[in-house]
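A.B. asks: just coords:
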């Protein structure tokens with residue numbers, strides 16, 4: 001019979017075992033044939049349930065943006081001219097060229113990139129506005 005090896009309330013493994021089989025330090029719970037229990041499920045109050053999904057992160061640093069998502073965010077905020085002006089004000093010609101190349105040609109954009117924060121501050125975009133727009137852009141899909 002299929003049995004769940006339970007540690008606390010967490011299903012650690014699924015085994016085939018005869019009635020009376022024991023695993024030291026764990027509880028074995030018979031799994032009814034009509035329930036598709038998996039490792040990671042919860043066993044509580046005599047029943048199995050799937051684990052709850054974690055809440056999605058609200059930290060923009062957890063989400064890189066694709067170039068088209070980043071461009072959509074910039075267009076949504078209407079900040080492209082201000083960003084280009086801030087990049088144009090960089091005094092060192094090579095650093096200016098590098099910043100412009102990264103702005104226009106990156107294959108992904110990371111919120112934690114120091115250039116993102118430097119440009120945000122230079123154009124005086126409120127941090128929360130950038131966070132909100134970043135989180136909107138990360139949910140865009142190519143089918144939108």
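C.D. replies: Yep, it's here. The model shown is predicted, which means the values in this text are computed figures rather than measured ones. Numbering: from 1, shown residues only.
A.B. asks: would you list every one of the strands in the chain?
C.D. replies: For the chain, the strands defined by DSSP state E cover 2-7, 10-16, 27-30, 42-44, 47-49.
A.B. asks: Using CSV, please lay out those together with mean neighbour count, distance to residue 88 and mean pLDDT.
C.D. replies: Where C-beta positions appear, they are placed from N, C-alpha and C, glycine not excepted. Output for those, formatted as CSV (neighbours: other C-beta atoms under 10 Å; distance: least, C-beta to C-beta, whole Å; pLDDT from 0 to 100):
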stretch, mean neighbour count, distance to residue 88, mean pLDDT
strand 2-7, 18, 60, 94
strand 10-16, 14, 56, 95
strand 27-30, 15, 67, 92
strand 42-44, 16, 56, 94
strand 47-49, 14, 57, 93
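A.B. asks: Can you give me the domain assignment for the protein?
C.D. replies: 2-49, 60-138 (automatic domain parsing).
A.B. asks: which of the ones you listed sits most buried?
C.D. replies: domain 60-138 (a mean of 15; mean count of other C-beta atoms under 10 Å).
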